[in-house]
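Colleague: Sequence first, predicted model second:
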Amino acid sequence: MKDQFKINLNRLWCAHIIDELIKNDIVDFFLCPGMRNAPLISAVLENEKINVHRGMDERAQAYQALGTSKVTGRASVLICTSGTAVANFYPAIIEASLTGTPLLVISADRPIELVKSGANQAIEQKGILTPYVANELHLPPPEEKLAPRALRKMIAHLISEGHIQKRPLHLNVPLREPLDLTPESISPDYLKQSVVAFENKQPATVTLLPQLSLSQKDQEILHARISKALHPLVVVGTLPSGKDKSSLIEWIDQSHSPLFLDATSGLKYRYPVGERALPGFDHPEVLRMIEDEGIDLILHIGGPVVSKHYYQFLSSHPEVEVIHVHDSFLMNDPSFSVDWRIFADPLDIMKSLPVVNGEMKKSLLESSKKLIVDKSKMIDEAPLSNPFVSKKLIDLIPDNSVLAIGNSMSIRSFDSYGSLTCRKDLTIISNRGASGIEGLVATTIGAAKALNKAATLVLGDVSLIHDLNSLSLLSPSSVPVRIIVLNNHGGGIFRLLPIAKDEKTLEMIETPHHYEFSSICQMFKLPYTKISTTQEYEKLCSVKVLNSELIEVAISNEDNDELYRKLKTIRIS
């Protein structure tokens, strides 16, 4: 135990907390400025085994931690001062909760006498994150009545709950003065107990989580359901970005059935359309093809899919049996169609899951190819548009790249594109839990740094405006991120929805603006390029990401709307 931890009880308690986290294999700490959390920050800085991430904006730090945890699978720690600081974590905590991403919020707090008396920067922090955390631990102010051993076991148990549920956690730490290096007496017995706790090489409580696999009985039940299906369909939804998918790939390669791969699965661009993979559900012809195929069983692997048309198909075809393999505590069944739920991480149990073999009409694959050929030709011949941006990037981006995709029109554009030739392994980063448009820059930076790989982020102009503070994280980052912002001057997706007929309301929800992003890049010393033609964009896609930069792609709403309208008119017969 280091001597500086003995200065006062605040410092010693915070040192116990951080040391226990490290012994539970937590290594990424995202620090936010403040005075009430100074003892916690000091304890973090005294440890050399961890990764320290500094930042001035709590919301950006939270999303950066989210991106890191998405690709590492480990809980990242967020440390903030008291007051509204912890509230700024909330959007990222919601996203983490809905996507099964582990995070640990440690909020410093005022003691109860300051909270209840209305002292400065004091709010009620107990329960502030309750709906979206697996559990929370609200400690008393440091006191010797709570032994180091007890303190650590409480923290170890909290961490185990996060591991089991794969959801965020909240640790609230009220601290009285002194918050600085003012000496305070600590009893010899308490210091002795502390030395024992620090010298212990393992966590205060070791929790062993069993590896999940299907029992022989469960395998027989599933085999009976799957084998009787004449025309099964395999749907792969959201999967963890950084987890090894080789067992799922092997299982897919052994199965024989039509295959729909969501953009967030990370596997969509590994399988060309027309071999087994189908185009996106967003086109009416695809829905007709599926109906003509007579699909009678769907094995849905992983989390939700982007396309609402998939869920509409399930709602209108209740006769289709649905088996869902996922480890989320959420229902994840907006169409109320799931008949069998296998509560397990699909990437852990694929070797014990029966393969899917069923008849597949040759016309289904031929129709899929024709649809993609016609769509590709129409996209290539049209002016610069969202579909062109996604198509060319997928066609030209190097294999094994990291691609982050923003929400709204961006993710839908990538999800609707399928290639006839593409066989690429891409790490896909997305925030599809609550599908918020904020925090995407920070999420990408966190993921890129954790992977130590350059990344490309494609997002809309309104999303970037919501996350401008995060551009400050690019300069200190040694890992480059290319940001491609599609500027259609505000909320273009609403023009593609029925609300477009309500012009008065449309103007308000579109958030129209006349901004461009050159000035903000100058402020953050970020290289900037503006692209206005398909030729310029195509040239960009083939250039490797070497430095952080912002590429602004000018999109005409009129041209974009016209292309989407024409794409819907394509017919396969």
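Modeller: Received the coordinates, thanks.
Colleague: where along the stretch 251-400 of the chain do the helices fall?
Modeller: Applying DSSP state H, counting those that start in this stretch to the stretch 251-400 of the chain gives helices spanning 284-293, 308-316, 346-349, 362-381, 386-396.
Colleague: er, the stretch 101-250 of the chain actually
Modeller: According to DSSP H, counting those that start in this stretch, the helices that the stretch 101-250 of the chain contains are 112-117, 148-165, 188-199, 216-227, 246-254.
Colleague: Can you add mean neighbour count, distance to residue 87 and mean pLDDT and give the ones you listed back as TSV?
Modeller: Placement of C-beta: from N, CA and C, glycine included. Formatted as TSV, the helices of the stretch 101-250 of the chain follow (neighbours: other Cβ atoms under 10 Å; distance: least, Cβ to Cβ, whole Å; pLDDT from 0 to 100):
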stretch	mean neighbour count	distance to residue 87	mean pLDDT
helix 112-117	13	14	90
helix 148-165	19	21	94
helix 188-199	14	33	96
helix 216-227	14	43	88
helix 246-254	16	38	95
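Colleague: sorry, back to before: and the helices of the stretch 251-400 of the chain as a markdown table, adding mean pLDDT?
Modeller: Converted to a markdown table, the helices of the stretch 251-400 of the chain look like this (pLDDT from 0 to 100):
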| stretch | mean pLDDT |
| --- | --- |
| helix 284-293 | 91 |
| helix 308-316 | 95 |
| helix 346-349 | 90 |
| helix 362-381 | 93 |
| helix 386-396 | 96 |
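Colleague: looking at those, which is closest to residue 94?
Modeller: helix 308-316 (20.2 Å; Cβ to Cβ).
Colleague: lowest average confidence, helix or strand, in the protein?
Modeller: Least confident helix or strand of the chain, by mean pLDDT, DSSP states H and E, is helix 503-509 with a mean of 75.
Colleague: low pLDDT regions in the stretch 401-550 of the chain?
Modeller: 491-492 (pLDDT under 70).
Colleague: And the helices in it?
Modeller: Listed in chain order, the helices of the stretch 401-550 of the chain (DSSP H, counting those that start in this stretch) span 409-416, 440-451, 461-465, 503-509, 518-523, 534-541.
Colleague: Now tabulate those in CSV and tack on distance to residue 285.
Modeller: Formatted as CSV, the helices of the stretch 401-550 of the chain follow (distance: least, Cβ to Cβ, whole Å):
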stretch, distance to residue 285
helix 409-416, 12
helix 440-451, 31
helix 461-465, 30
helix 503-509, 28
helix 518-523, 41
helix 534-541, 25
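Colleague: any chance of those in JSON lines, with mean neighbour count and distance to residue 111 too?
Modeller: Supplementary listing: these in JSON lines, determined by neighbours: other Cβ atoms under 10 Å; distance: least, Cβ to Cβ, whole Å:
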{"stretch": "helix 409-416", "mean neighbour count": "25", "distance to residue 111": "45"}
{"stretch": "helix 440-451", "mean neighbour count": "28", "distance to residue 111": "32"}
{"stretch": "helix 461-465", "mean neighbour count": "22", "distance to residue 111": "39"}
{"stretch": "helix 503-509", "mean neighbour count": "11", "distance to residue 111": "44"}
{"stretch": "helix 518-523", "mean neighbour count": "13", "distance to residue 111": "40"}
{"stretch": "helix 534-541", "mean neighbour count": "16", "distance to residue 111": "55"}
